[in-house]
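> I'd like to go over a predicted model; first the sequence, then the structure.
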Amino acid sequence: MEYHRLIVCHECDLLFRKPSSVEKRRASCSRCGASLTALRGARLPLDWFCAVTLAAFITFCIAQSFPVIELCANGMTSEATLFGAVRALWSGNMRVVAAMVFCSSILFPLIELLCLLYLLVPICTGKRPPWFNVMPRVVQLVRPWGMVEVLMLGVLVTIVKMVSMAEVIPGPGLFALGALTVMLGVVALFDPSGLWAVRDEIRSS
Ligand SMILES: [Zn+2]
């Protein structure tokens, strides 16, 4: 049996023979109605997703490099970056919290963005990157654990609470973090499993 001519519905496991092309139409499972996005010809706006992912990566670097907030009280000024806050938690004997904040707001979003760029940049130029099979799985593994939006909410609540105690000046990192939250929401719309069909098209062309 030629397995590459078959496709299985990811929701109900019903097996289909792949049609040659579904250009400008939407293919869905006849039993459960799930969208079969991994079919050839079901084109993904890859250039667009690649551009958004690249923009999100640059915004991520800005959010990590610049202070998120600046506090002024009694003539003293102090500023904090995200990584500096993690380091302060670590040295303040809150190592579990520090590790959770580091993983959910720095490490996992960074891994997701790097893996997507590793896949999308060569595919947009018509090449198949090495270790193609591993990267979509890594993205799907780390994606649920990236929680930049939760961190953003926490930072905003902290700012509101701190206003009565000190002068709080939002830093460039805060604006970058806000933009990153929106961009990661857009990046999360991209289902990397659709790349398998694109990989097949590159292989056969
Ligand atoms: Zn189905």
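Arrived safely, thanks for sending. Numbers count the residues shown, from 1 in each chain.

> what's the burial count for residue 161?
By the measure other Cβ atoms under 10 Å, the count of residues near residue 161 is 10. Where you see a C-beta, it was placed from the backbone N, CA and C, and this is true even at glycine.

> Offset the numbering so it begins at 30, please.
With 30 as the first residue, the last one maps to residue 190.

> Just the element for it, please.
Residue 190 is part of helix 177-191 when elements are defined by DSSP states H and E.

> Roughly how far does residue 143 sit from residue 41?
Using Cβ to Cβ, to the nearest Å, one gets 33 Å for the distance from residue 143 to residue 41.

> more neighbours, the two?
Neighbours per residue (other Cβ under 10 Å) separate residue 143 from residue 41, with residue 143 holding more: 16 against 12.

> Give me the nearest residue to the more buried one, chain neighbours excluded.
On the basis of Cβ to Cβ, 6 or more residues apart in numbering, the spatially nearest residue to residue 143 that is not a chain neighbour turns out to be residue 86, at 7.5 Å.

> was I right about residue 45 contacting residue 57?
No: contact between residue 45 and residue 57 fails when scored by Cβ atoms under 8 Å: they sit 10.5 Å apart.

> Quick check: neighbours shared by the two?
Taking Cβ atoms under 8 Å, 6 or more residues apart in numbering as the contact rule, residue 45 and residue 57 both touch residue 65.

> Check which element follows the helix holding residue 190 along the chain.
Later in the chain than helix 177-191, the nearest helix or strand by DSSP H and E is strand 196-199.

> Now stretch 154-173: buried residues?
161, 164-165, 167-168, 171-172 (16 or more other Cβ atoms under 10 Å).

> residues in contact with it?
With Cβ under 8 Å, 6+ apart as the criterion, stretch 154-173 contacts 137, 140-141, 144-145, 147-148, 151-152, 217, 221-222, 224-225, 228, 231-232, 234.

> First-to-last residue distance for it?
In stretch 154-173, first residue to last residue: 29 Å (Cα to Cα, to the nearest Å).

> Also stretch 145-165?
Start-to-end, stretch 145-165 (Cα to Cα) is 8 Å.

> what packs against the top helix by length along the chain?
Criterion DSSP state H: the longest helix present in the chain is helix 75-94. In this structure, helix 75-94 packs against helix 111-120, helix 137-153, helix 201-216, with contacts taken as 3 or more Cβ pairs under 8 Å, 6 or more residues apart in numbering; DSSP states H and E.

> Repeat the analysis, applying 10 Å as the threshold.
Where contact means 3 or more Cβ pairs under 10 Å, 6 or more residues apart in numbering; DSSP states H and E, helix 75-94 is packed against helix 111-120, helix 137-153, helix 177-191, helix 201-216.

> Relative to residue 131, which of these is closest?
When those are ranked by proximity to residue 131, the top entry is helix 111-120, at 4.8 Å, counting by Cβ to Cβ.
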